[in-house]
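Peer 1: structure, please.
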Amino acid sequence: MTDPIPDLSIIIVSWNVRDLLRECLQSVAVGQGELDLEVIVVDSASADGSPQMVMAEFPWVDCVTCAENVGFPKGNNIGLERAHGRNLLLLNPDTIIHDDALSLMVGFLDTHPDVGLISPQLLNNDGTVQSSRRRFPTLKIAFFESTWLEGYAPDSLLQNFYALDLADAETADVDWVTGACMMTRRDVVQVVGGMDEAYFMYSEELDWCRRIKEAGWRIVYLPAAQVTHYVGKSSEQAVTQRHINFNRAKLRYYRKYHGRFPTAVLRLYLLSSYLLQIFIEGFKGLIGHKRPLRWQRVRAYWSVIRSGLKPAGY
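Peer 2: This is a model prediction of the structure:
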């Protein structure tokens, strides 16, 4: 006799956020409701006792320990391979599940077979709505989004990219969602596969959503389900590497979907922008304005330039 298939497998990739992970798992336990859950924590070589905490306090969780920091996409793929649920939730450890959010998302997938991935409304710690739904980026947006030029971008460009024309309380089809909480179904993963592990961190959810949409499924933002997201608690532990990982991932995405030449131009632009920032921060440091901060930034930006920002896999 085979074991029953869980309604939902929750996969949490964690790195050195023990206390947040504890809160996350507690909220999952409270928010389970009538669902048959399977929870898998993939720990990327945390040094803060996270695996020990999980095994001691949450014995019902399948805790997988990695010998090194494997990155967000690979960590999720490890979890996906172990998961048995008919639905699959990729959940950040710095999140808190609210009320019946899990049941609402599972119910929506059950009643909308053409939906391949669903995301709840993400909330900041103060209860305000966090920007989490997007449209696919164009080459034009690449030179503005998350660069020093973003404040100078045409309003219409950013409004379209960040889907600002959609009301926060409106259930809506979107192109992609940020990756803090994404629920899909097993048959979607069987068709499109897992995440592209070459990204390591950032843009992997953009790539995954694009592949899901190209395979014919819808991506839906469901604000009736709510999840608090504390934002970047793992990545803020390594600020310089965050700059490098973010831009390498960005370049990989554009190389993969927009071609070699536009990506080469974008790479030179990004490297040049960091060089400009070095001169600006260095000048401010020389005139005595917050010198420790300025020199710290100069060192970080120089490390970014030295990395070359060559996208992985190319």
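Peer 1: C-alpha only now, for contacts and for neighbours.
Peer 2: Noted.
Peer 1: remind me, longest helix of this protein?
Peer 2: helix 260-286 (DSSP state H).
Peer 1: which helices and strands does the helix or strand just after that helix pack with?
Peer 2: Under the assignment DSSP states H and E, the closest C-terminal helix or strand after helix 260-286 is helix 291-307. Applying 3 or more C-alpha pairs under 8 Å, 6 or more residues apart in numbering; DSSP states H and E, one finds that helix 291-307 contacts helix 239-258, helix 260-286.
Peer 1: show residues contacting helix 291-307.
Peer 2: 239-241, 243-244, 271, 274-275, 277-278, 281-282, 284-285 (C-alpha atoms under 8 Å, 6 or more residues apart in numbering).
Peer 1: what angle do it and helix 260-286 make?
Peer 2: With axes from the mean of the first three to the mean of the last three C-alpha atoms, to 10 degrees as the basis, helix 291-307 and helix 260-286 are set at 160 degrees to each other.
Peer 1: circling back to that earlier point, buried sites along the longest helix of the chain?
Peer 2: Of all the residues in helix 260-286, those buried under the rule 16 or more other C-alpha atoms under 10 Å are 263, 266-267, 270-271, 273-275, 277-278, 281-282, 284-285.
Peer 1: tell me how far that helix lies from the chain's centre.
Peer 2: Its chain's average C-alpha position is 25 Å from that of helix 260-286, according to C-alpha atoms, centre = their mean, to the nearest Å.
Peer 1: now stretch 122-133 - C-alpha only, PDB.
Peer 2: Output of stretch 122-133 as PDB, limited to C-alpha atoms (Å, rounded to 0.1, in the frame of the first residue of the first chain):
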ATOM      1  CA  LEU A 122       3.500  39.900   0.000                       C
ATOM      2  CA  LEU A 123       3.500  42.300   3.000                       C
ATOM      3  CA  ASN A 124       6.300  44.300   4.600                       C
ATOM      4  CA  ASN A 125       6.900  43.900   8.300                       C
ATOM      5  CA  ASP A 126       4.800  47.000   8.900                       C
ATOM      6  CA  GLY A 127       1.800  45.600   7.000                       C
ATOM      7  CA  THR A 128       2.200  47.600   3.900                       C
ATOM      8  CA  VAL A 129       2.000  45.900   0.500                       C
ATOM      9  CA  GLN A 130       5.400  44.800  -1.000                       C
ATOM     10  CA  SER A 131       5.900  45.100  -4.700                       C
ATOM     11  CA  SER A 132       6.000  41.600  -6.000                       C
ATOM     12  CA  ARG A 133       4.300  41.300  -9.400                       C
END
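Peer 1: and residue 12, what are its phi and psi?
Peer 2: Note on residue 12: backbone dihedrals following degrees, to the nearest 10 are phi -120, psi 120.
Peer 1: could I get the contacting residues of it?
Peer 2: 39, 40, 41, 42, 76, 79, 90, 91, 92, 93.
Peer 1: with distance to residue 99 as extra columns, can I get these in CSV?
Peer 2: Shown next, in CSV, are the contacts of residue 12 (distance: C-alpha to C-alpha, whole Å):
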residue, distance to residue 99
39, 18
40, 21
41, 21
42, 25
76, 25
79, 25
90, 18
91, 16
92, 17
93, 17
